[in-house]
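Visitor: 3D, please:
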Amino acid sequence: MNDTEAIKKCLTGEIENFGFLVKKYQCEAFGHAIAILGNFDDALDAVQEAFLDAFRTLNKFDVSRRFYPWLYIIIRNRCFKMLSIQRKAGKAKFGKLNILSDSAEDESNDKVTLVEKALLEMSPENREILTLKHLDGLSYEIIAERLDIPVGTVMSRLYCARKRFREKVNRIREKDDFRETDDE
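Guide: All right, here's what the predicted structure looks like:
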């Protein structure tokens with residue numbers, strides 16, 4: 001089964017086929033949500049709510065388009081709405097990202113820790129665009145489509161985000177005395 005078949009079946013009343021879409025995209029969706037929110041529990045909530053929103057509005061989806069970019073917009077909107085609510089309530093919470101390490105052993109890696117600390121100190125928008133480009137490996141064109149912005153804006157935002165990331169890394173290195181290792 002593919003996305004279009006699953007969606008068409010859902011629209012004709014075979015709603016159990018939505019599970020195909022959830023299984024296919026839940027990991028990617030969670031990765032994007034945690035990159036924006038910086039908090040594991042909030043990311044889980046945002047993804048669950050986004051899938052519910054997508055299911056409720058599936059009849060508005062244009063089946064000639066790809067599903068995940070549409071879902072991503074829903075996830076992104078849900079995440080930024082959560083951040084806005086948290087900021088207004090003074091309850092913004094950031095934890096350990098765990099988007100770069102696959103296991104508990106990897107968490108001791110200084111480089112991974114350094115990158116995660118720097119990402120957590122960045123704005124959600126900067127974390128998002130860096131994640132889309134460098135962790136997901138998306139092209140400028142696909143990022144532009146996902147964020148509904150021109151390619152030139154993607155390039156500009158990435159330039160600024162990379163610059164801020166380098167500043168954060170350098171500051172953390174100085175503050176926490178992180179050392180580069182010659183393991184490579």
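Visitor: Please name the residues that touch residue 174.
Guide: For residue 174, the contact set (Cβ atoms under 8 Å, 6 or more residues apart in numbering) is empty. Every C-beta, even on glycine, is put in place using the N, C-alpha and C of the backbone.
Visitor: can you give me how far the helix or strand hosting it is from the chain middle?
Guide: Following DSSP states H and E, one finds residue 174 within helix 151-176. Centroid separation for helix 151-176 versus its chain: 17 Å, with Cα atoms, centre = their mean, to the nearest Å.
Visitor: Check which helices and strands the lowest-mean-pLDDT helix or strand in the chain sits against.
Guide: Lowest on mean pLDDT, DSSP states H and E among the helices and strands of the chain sits helix 110-121, with a mean of 80. The contact analysis (3 or more Cβ pairs under 8 Å, 6 or more residues apart in numbering; DSSP states H and E) places helix 110-121 against helix 124-130, helix 151-176.
Visitor: now the angle from the longest one to helix 110-121?
Guide: With axes from the mean of the first three to the mean of the last three Cα atoms, to 10 degrees as the criterion, the two stretches helix 151-176 and helix 110-121 enclose an angle of 120 degrees.
Visitor: tell me the mean pLDDT for helix 151-176?
Guide: Averaging pLDDT along helix 151-176 yields 91.
Visitor: for the first one, same thing?
Guide: Helix 124-130 shows a mean pLDDT of 90 in the predicted model.
Visitor: which residues are contacting it?
Guide: Here helix 124-130 has contacts from 32, 35-38, 76, 79-80, 83, 119-120, 122, 143, 147, 154, 157-158, 160-162, 164-165, using Cβ under 8 Å, 6+ apart.
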